[in-house]
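**Q** let's see this in three dimensions:
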Amino acid sequence: MNHQRLPFHRISQWTGAFFEESCLVKIGMMMWLGHARTPCPWEDDTGESAFFTDGGAEGPVTSDSEGASDEQSDAPFAQEAHNLPTGVPFIKNNKTMTTIVDKSGVHTHMVKYCTCPGAPSADIQLFQMGLFPASFLEPKTAFLFDVLDDFLLDNLECGTSAMNYYSKLRRMTTRVFPHLVPDRYRELMRVTRQWRKLKLLKWNGFSHEDKEVMPGDLALFCPACPQPGINVTLPTGDDVKGLNGSDLEMPRWLYSRSLVMDGNFKAEHLHAANLSNEVSLMDGRGFMVSDRIYKEHLSLAKEAIQRSECNNHRAVNQANATRHRLEATGIGGCACARHGCFVPHAMVDFQKGERQMNMNYALCEALKVNAEGICRALTFYDVNYQYHKHLKDRIAESPILQIHQELEIIPGIGLWHVHGHQDSCYVRYASNFIKGAGRIDGEIMETLWVPLNIISPSARGMGTPHRKECLDYQMNDCDFMKMIRMSKSLCRKYRQAVKGIAESTQAFQKLHETADPRQVQDWEAQERLVQARRLRDPTAMDIYEVQLQKVPTRKQRELQLLASQGQHPRQARRRGAATWLAEGLTIEEAQITLQMDWVDKGRTFLSDGLGDDDIQPMELQLLTLQDDSQDETDELENDYRVFEPEKVVIPLPSNLGLGRCAALGVTNLVDQELTLRQGQANDALHNIRVHLADKAVIFQRTVRTTKSQAASTRAWAQVHSVDRAVSINASIYSKCQSQLCKLAADDAVLERYQQLLKEHLKVSTAVADPNSRGQRNNMLAWFWSMDVQGDSNSSDWLNEFYRVHWLCAKALRDCWAEEMLLLMNGSV
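**A** Coordinates of the predicted model:
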């Protein structure tokens, strides 16, 4: 009786010398169905034969074992046992046996059905025992529900094919003779297809109701995207106001549908070997679209061969590729841009690459899914600059494609792909500048292809319906995993939004408060105008880029250099204390410049012009003013050492120290130097800002536009010249900031004049190009907001530079504010 409860237990039999593997059927055990696994009182051979004959099925009776070359013998299993090696835990070549596949391997059992009057059919009795029959008429093969679940999980997580999985089961059955185990690979593929559909029907509420399954009904969708009538009620009339119980007007973009579109060329599919044997179980009920209507659309649609107008983009050019040996060159479709959930009934096959006619159908189907009443949709597509141009015209010309007439579609390009386009595409299509987009990168669908590509190799040679069912099940599982992690994801986004709002608002306020109010009004008016025009004319967004209209000529730059040289001090003459201190700061700056020249050009250019008579010993009393210069003093005591003016310590109060100044009675000089040091820091920071902005202009207008090697060399020579000026002024400021600390400046002064780090001077990031790759979250360094108005008045191009950064800073702040609003209203 114990073995009746454990029919799939592996046993070993003692041969007199050792234990060998055996099976329960060899010791006479039978599996009774019904009657609590006890023999049926109506059991007899005639009754069971009649049970299969009169099972209610019409037509000839067949079993799943027919056609198998290794099971055509009718001889009793006892007479055929000698055909197998000893120690094999199964019986072959006997039709009275039923092959049962478990997670532990393949078993053979003598199955006895209940033959009582009114007893269920054989397949139902197997189902009641947790066994899925391979045939519904005269089953001779069955699979445990557990092994089907295990295979589907292995297929999802590991990409295990049915052949590899069954091969594993054969080796688990017997490690020595796995090739002798009954082959049920084809039965496994057929049963798992049925098992997938049954589970999807159950999960989606079709198990106890007799209702029609519509397209997309067996697929999950994003629970957080706005779906009128399901998770949100759209405001109408008087409900437009009153956001969160307040008197604020509700933004019309709050209930927008955000979609990302993309193609996957790894999900290829070979031509089917035998179309007549293909049977679809889920045609269009999951994520893949219905076959008949989609093919009708393709037969009617016309698409001219085109080349990319922006860059030589793969998605556009591959649309013209032909691959005759493939039925499908890949798949494409839509997913929600915020959470990365595939959209039901919006995935299509590609026949000749990623063509517009394929994506048109996918987009129109995606916009139908629970979108009644939604009037605004954001679409992110890596070729949207080309795809969106005549989208509505193509839809209007098609008798099959349909979208709501009042629906407004706003195009965008993902933040990774947009940098592969022309520079102008960034401000026109990046999500940073789209009203209501919040914090969307538009690239989330690239991550969704990763789990889907796990099963793509095994699905490549499947039949067309089987492949689509595998892809449907994989995408459904992907959406399920997104759903169960949704709360954690939203909490993380909320924390990021709180931090992002605080940082972006603070950065924007610094620029806003110090800028000229009249200029700010003009910038705000420009922003409102372009946001209203962007849908009709994407080029209106070009105001977010630097636009130079007055470029200084060569003569003007020469005059600026002459004026700068004329400001250098003349011969020294007796001056007051303040003048003497300022002269010391000037000498200190000259020392820094000289030291940089010394490092750059070598230490021999000064000594080459000096003779032995020109070498003078250093004044040791002067060097003792620096506490940490004792080593240098010892070295310079040598009368024959070359004079090093860049290392001479200037006797300023900051070098003497506060204690020494107090002892000498010159404490009044400390405050004067402190005031002069602040002016020196202001000048250095101003020069840094000017040169960095100059470098940005050189990159945008000279380096990037060069067409020859000579022009490129000259352009980079300008860059290196500006780099040297930036380095000199940065060194001057660092020295000045260090001296302010020595002068015991108060906290307010030290907070204003912070430490200058190397990353603050990177022109290739936020300073040179606020719209470059990776600068979505970057903000200007602290010194850019110290005196915006003063810098803007100095030159037209610097004013243009500040205008762009003001607009970008405002766009970043608005993005975080939109993200928070979407989060608080549960529509993210």
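**Q** mind giving me the packing neighbours of the helix or strand hosting Y361?
**A** Assessed by DSSP states H and E, Y361 sits inside helix 356-366. Using 3 or more CB pairs under 8 Å, 6 or more residues apart in numbering; DSSP states H and E as the contact test, the elements touching helix 356-366 are strand 257-264, helix 291-300, strand 330-336, strand 342-350, helix 391-397. Every C-beta, even on glycine, is put in place using the N, C-alpha and C of the backbone.
**Q** ok, then the element right after it?
**A** As the chain continues past helix 356-366, the following element, by DSSP H and E, is strand 376-381.
**Q** quick revisit: nearest to G412, of the helices and strands packed on helix 356-366?
**A** strand 257-264 (8.8 Å; CB to CB).
**Q** which other helices and strands contact the closest one?
**A** So strand 257-264, by 3+ CB pairs under 8 Å, 6+ apart, packs with strand 330-336, helix 356-366, strand 376-381, helix 444-459.
**Q** and the closest residue in space to Q755 that isn't next to it in sequence, backbone torsions?
**A** Leaving out its chain neighbours, the residue that sits closest to Q755 by CB to CB, 6 or more residues apart in numbering is Q737, at 6.4 Å. Dihedral angles of Q737 (phi, psi; degrees, to the nearest 10) stand at phi -60, psi -40.
**Q** next: E646.
**A** According to degrees, to the nearest 10, E646 has phi -70, psi -10.
**Q** same check on A811?
**A** phi -60, psi -40.
**Q** repeat for Q13
**A** phi -120, psi 130.
**Q** that one contacts V88, doesn't it?
**A** No. In this structure Q13 lies outside contact range of V88 using CB atoms under 8 Å: 11.6 Å.
**Q** touching both of those two, which residues are there?
**A** Counting by CB atoms under 8 Å, 6 or more residues apart in numbering, the shared contacts of Q13 and V88 are E21.
**Q** between those two, which is the more surrounded one?
**A** For the pair Q13 and V88, the greater number of neighbours falls to V88 (20 against 15), based on other CB atoms under 10 Å.
**Q** from G105, how far out is the more buried one?
**A** 12 Å (CB to CB, to the nearest Å).
**Q** could you do Y185 as well?
**A** 14 Å.
**Q** related to what we said a few turns ago, what about the helix holding Y361, average pLDDT?
**A** Averaging pLDDT along helix 356-366 gives 93.
**Q** which outside residues touch it?
**A** 259, 261, 263, 289, 294, 297-298, 301, 303, 319, 332-334, 343, 345-351, 379, 381, 387, 391, 394-395, 398, 400-403.
**Q** now do that helix and strand 342-350, the angle between them.
**A** 160 degrees (axes from the mean of the first three to the mean of the last three CA atoms, to 10 degrees).
**Q** output the helices and strands packed on helix 356-366 as CSV; include the columns mean pLDDT.
**A** Shown next, in CSV, are the helices and strands packed on helix 356-366 (pLDDT from 0 to 100):
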stretch, mean pLDDT
strand 257-264, 93
helix 291-300, 92
strand 330-336, 94
strand 342-350, 94
helix 391-397, 90
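**Q** out of these, flag the one nearest D149.
**A** strand 342-350 (22.4 Å).
**Q** flag the shaky bits of the stretch 601-750 of the chain, pLDDT-wise.
**A** The stretch 601-750 of the chain contains residues with pLDDT under 70 at 601-643, 697, 700-702, 704-705.
**Q** how about the strands in it?
**A** Shown for the stretch 601-750 of the chain, no strands are assigned by DSSP state E, counting those that start in this stretch.
**Q** Y185 and G105 - which one has more neighbours?
**A** Legend: neighbour count by other CB under 10 Å for Y185 and G105, higher for G105 (21 against 15).
**Q** for the closest residue to that one other than its chain neighbours, give me its contacts.
**A** Leaving aside its sequence neighbours, G105 sits nearest to T173 (CB to CB, 6+ apart; 3.5 Å). T173 sits next to 89-90, 105-106, 181 when contact means CB under 8 Å, 6+ apart.
**Q** any chance of JSON lines for the residues you listed, columns distance to A459 and pLDDT?
**A** JSON lines is the format used below for these (distance: CB to CB, whole Å; pLDDT from 0 to 100):
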{"residue": "P89", "distance to A459": "33", "pLDDT": "74"}
{"residue": "F90", "distance to A459": "31", "pLDDT": "70"}
{"residue": "G105", "distance to A459": "26", "pLDDT": "90"}
{"residue": "V106", "distance to A459": "25", "pLDDT": "91"}
{"residue": "V181", "distance to A459": "26", "pLDDT": "89"}
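**Q** could those residues go into JSON lines alongside distance to E278?
**A** Output for these, formatted as JSON lines (distance: CB to CB, whole Å):
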{"residue": "P89", "distance to E278": "36"}
{"residue": "F90", "distance to E278": "32"}
{"residue": "G105", "distance to E278": "31"}
{"residue": "V106", "distance to E278": "28"}
{"residue": "V181", "distance to E278": "28"}
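**Q** go through those residues and say which is closest to K695.
**A** For these, the nearest to K695 is G105 (71.0 Å; CB to CB).
**Q** quick one: the closest one from P178, how far?
**A** G105 is 10 Å from P178, by CB to CB.
**Q** overlap in contacts, those two.
**A** R170.
**Q** pLDDT below threshold where in the stretch 301-450 of the chain?
**A** 304-324.
**Q** hmm, back to that, of the contacts of helix 356-366, buried ones?
**A** Buried subset of the contacts of helix 356-366 (neighbour count, 16 or more other CB atoms under 10 Å): 259, 261, 263, 289, 294, 297-298, 301, 319, 332-334, 343, 345-351, 379, 381, 387, 391, 394-395, 398, 401, 403.
**Q** so I409 sits in a helix?
**A** No. I409 is assigned strand when assessed by DSSP: H, G, I helix; E, B strand; the rest coil, not a helix.
**Q** for the nearest residue to it once chain neighbours are set aside, give me its contacts.
**A** Spatial nearest neighbour of I409, chain neighbours left out: A377 (5.2 Å); criterion: CB to CB, 6+ apart. By CB under 8 Å, 6+ apart, the contact set of A377 is 256-259, 367, 371, 407-410.
**Q** I am finished for the moment; much appreciated.
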